[in-house]
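Enquirer: Sequence plus the predicted model coming up.
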Number of protein chains: 2
Amino acid sequence: MTHDDKCQILLVEDDLRLASLIEEYLSGQGFHVYKETSGLKVARLTADICPDLIILDINLPGKNGLQICQDIRSDYQGPIMFLTARTDSTEQIQGLESGADDYVLKPVEPQLLLARINALLRRFRADNTASQQELMLGTLSINLKLRTVTRLGEALNLSSHEFDLLLTFAKHSGQVLSREYLFSRVYSRPYDGLDRTIDVRISQLRKKLGETSDTAHCIKTIWGRGYLLVAEAL
Amino acid sequence: MTHDDKCQILLVEDDLRLASLIEEYLSGQGFHVYKETSGLKVARLTADICPDLIILDINLPGKNGLQICQDIRSDYQGPIMFLTARTDSTEQIQGLESGADDYVLKPVEPQLLLARINALLRRFRADNTASQQELMLGTLSINLKLRTVTRLGEALNLSSHEFDLLLTFAKHSGQVLSREYLFSRVYSRPYDGLDRTIDVRISQLRKKLGETSDTAHCIKTIWGRGYLLVAEAL
DNA sequence: GTTATGGTTTACAAATTATTACCAAAAACC
DNA sequence: GGTTTTTGGTAATAATTTGTAAACCATAAC
């Protein structure tokens, strides 16, 4: 989230003290909070400010929160969260079925509320800004979508495991990675401690990355610990 | 659709009694539930069956649920829900921050669990397929009703299975799909593990999509895992 | 120096995948 | 109904990728 593009949250809550507490906390976390106490103007407000998230109480003067949720769902596709003291599970089910994405019980710790808000926003944003999928690693350019690697425009023909290995290094640039970890990344199963297959793959990868026994290895061996890819040496 | 439309849920839970209870209830609600007790095979299973939702316990033999969640997040974009008896709010926050979409406490009423599952699935489906009859995939345009595919206006003459295959890729854009999954989508029955018919169909499809052995394949082979269609390479 | 441990590489076997060919089944056509 | 055409499944074969073992090299401890 950029600073000039604060996330906007519409908070519909008739308890003024609670609303202020939440606003204060969320403001400190970089959100812009619109407070609204009555249920009657929510639809209008939603249309006007297009919030990134709506937090709804259920007990509201003027209009029931469940009703509001149903009403605005057809026009508002963003995430809606109920925040209410009503612990009745039937009502929780109703809330979720009326189109809400989450139902949080009061009282709630601010950190937990934030975590749930972020989970919703993350999911909602996920599809819109999904594709920034080019990793740079020294002179190499790794395309995560295409699963291809090019060096200065020229394609490297890596096998599936070689690619996974390189990708793992790229994701942990500058870190020493153990065989256990590398193995689990490539094979999605634990390392048995004997298998030397990672060594062999590393060897192949070094060859394809243009290493010779003379030149300085860009995949360094850290004795007794694992391997380290030095992007600068690529 | 040619296959059964059942929603597939991967349930990772070491308490066998509870797992069976949940499975029984969800099966009655029209879901297909895969049960898994150990945390070690989750990544592999996820890749194989491409579930529509994953329910994770945190206390698991072999591997911690939080760790699993983090590990599979890069490969699995679908909704993940924690279902656990741990009421510690710090852990709930950790769970949500590790990429999960919901965190539900045991014991939970079945109806409430269902409501939360549906809320997640509803949101996820809404984000992806806007119930359109025309799917775009790179330069291809797939008409679901007519079951036709055109590339820049020009019709591709695909057979029925070839179309189903392509459609499956289109619905899971950017995901590696296992033979198991592709087979089950095309044939509505489980894969016996030997059949090489998917390979042959893939080969045909590649030819019809205009691939040659020289050009970069738009259907990539991910060794030991399956196939990946790269829309950008179409 | 020597020794033990860990790492590298090569070569080859095994497993996986690609492609072609061929026949059976289904559909389309007469 | 019978014939042609298309499609699908299986098997055979080729190509590729991966696993394993073994021989060789490097490092650390002594």
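Expert: Looks like it arrived, so ask away.
Enquirer: Report the buried residues of the helix or strand containing A:Ile202.
Expert: According to DSSP states H and E, A:Ile202 maps onto helix A:197-208. Counting neighbours by 16 or more other C-beta atoms under 10 Å in any protein chain shown, one finds that the buried residues in helix A:197-208 are A:198, A:201-202, A:205-206. Where C-beta positions appear, they are placed from N, C-alpha and C, glycine not excepted.
Enquirer: Stretch A:86-102 now?
Expert: In stretch A:86-102, counting by 16+ other C-beta under 10 Å, buried: A:86, A:91-102.
Enquirer: Return the subset of these lying in strands.
Expert: Those of those mapping onto strands are A:Asp102, per DSSP state E.
Enquirer: Chain A against chain B: which residues are in contact?
Expert: A:77, A:79, A:89, A:92-93, A:96-97, A:100-102, A:109, A:111-112, A:115-116, A:118-119, A:123-124, A:126-127, A:145-148, A:155, A:159-161, A:184, A:188-190 (C-beta under 8 Å from any C-beta of the partner chain).
Enquirer: Write the PyMOL selection for whichever of the residues you listed are buried.
Expert: A single PyMOL command selects the buried members of the residues of chain A next to chain B (16+ other C-beta under 10 Å):
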select buried, chain A and resi 79+92+93+96+97+100+101+102+112+115+116+118+119+123+124+145+146+147+148+160+161+184+188
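Enquirer: Among the residues of chain A next to chain B, which lie within strands?
Expert: A:102, A:148, A:155.
Enquirer: same question for stretch A:148-165, mean pLDDT?
Expert: In this model, stretch A:148-165 has an average pLDDT of 88.
Enquirer: what's the single longest helix in chain A?
Expert: helix A:110-126 (DSSP state H).
Enquirer: ranges for the helices of chain A?
Expert: Remark: helices assigned in chain A by DSSP H are A:16-28, A:42-49, A:65-73, A:89-97, A:110-126, A:160-171, A:179-187, A:197-208.
Enquirer: So which bits of chain A are right by DNA strand C?
Expert: Contacts of chain A with DNA strand C, taken as C-beta under 7 Å from any atom of the strand, map to A:196, A:199-200, A:202-203, A:206-207, A:213, A:221, A:223-227.
Enquirer: Now chain A against DNA strand D: closest residue?
Expert: Chain A approaches DNA strand D most closely through A:Ser159 (2.9 Å), counting by C-beta to the nearest atom of the strand.
Enquirer: Look up the closest residue to that residue, ignoring the ones flanking it.
Expert: B:Trp223 (6.7 Å; C-beta to C-beta, 6 or more residues apart in numbering or on different chains).
Enquirer: Looks like the one you found contacts A:Glu162 (just checking).
Expert: No: the pair B:Trp223 and A:Glu162 fails to qualify as a contact (C-beta atoms under 8 Å) at a distance of 9.9 Å.
Enquirer: out of the two, which sits in the busier spot?
Expert: Comparing B:Trp223 with A:Glu162 by other C-beta atoms under 10 Å in any protein chain shown, the one with more neighbours is A:Glu162, at 21 against 12.
Enquirer: I'd like the residues of chain A next to DNA strand C laid out as JSON lines, including pLDDT and distance to B:Ser141.
Expert: Compiled in JSON lines, these are given as follows (pLDDT from 0 to 100; distance: C-beta to C-beta, whole Å):
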{"residue": "A:Arg196", "pLDDT": "87", "distance to B:Ser141": "49"}
{"residue": "A:Asp199", "pLDDT": "90", "distance to B:Ser141": "47"}
{"residue": "A:Val200", "pLDDT": "91", "distance to B:Ser141": "44"}
{"residue": "A:Ile202", "pLDDT": "92", "distance to B:Ser141": "43"}
{"residue": "A:Ser203", "pLDDT": "89", "distance to B:Ser141": "45"}
{"residue": "A:Arg206", "pLDDT": "88", "distance to B:Ser141": "44"}
{"residue": "A:Lys207", "pLDDT": "88", "distance to B:Ser141": "42"}
{"residue": "A:Ser213", "pLDDT": "53", "distance to B:Ser141": "52"}
{"residue": "A:Thr221", "pLDDT": "88", "distance to B:Ser141": "50"}
{"residue": "A:Trp223", "pLDDT": "87", "distance to B:Ser141": "56"}
{"residue": "A:Gly224", "pLDDT": "87", "distance to B:Ser141": "56"}
{"residue": "A:Arg225", "pLDDT": "89", "distance to B:Ser141": "52"}
{"residue": "A:Gly226", "pLDDT": "90", "distance to B:Ser141": "47"}
{"residue": "A:Tyr227", "pLDDT": "92", "distance to B:Ser141": "45"}
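Enquirer: So which of those residues reach DNA strand D?
Expert: A:196, A:200, A:223.
Enquirer: what about the first one, neighbour count?
Expert: Think A:Arg196. A:Arg196 has 8 nearby residues by other C-beta under 10 Å.
Enquirer: ok, which residues in chain A are in contact with DNA strand D?
Expert: With C-beta under 7 Å from any atom of the strand as the criterion, chain A meets DNA strand D at residues A:157, A:159-162, A:187, A:195-197, A:200-201, A:223.
Enquirer: Among those residues, which one lies nearest to DNA strand C?
Expert: Closest to DNA strand C out of those is A:Val200 (4.5 Å), distances taken as C-beta to the nearest atom of the strand.
Enquirer: ok, now how distant is the closest one from B:Glu154?
Expert: 46 Å (C-beta to C-beta, to the nearest Å).
Enquirer: cool, and A:Ile54?
Expert: 46 Å.
Enquirer: So these two - more neighbours on which side?
Expert: A:Ile54 (26 against 7).
Enquirer: is the more buried one in a bridge, and if so with what?
Expert: Per DSSP bridges, the residues bridged to A:Ile54 are A:Leu10, A:Ile80.
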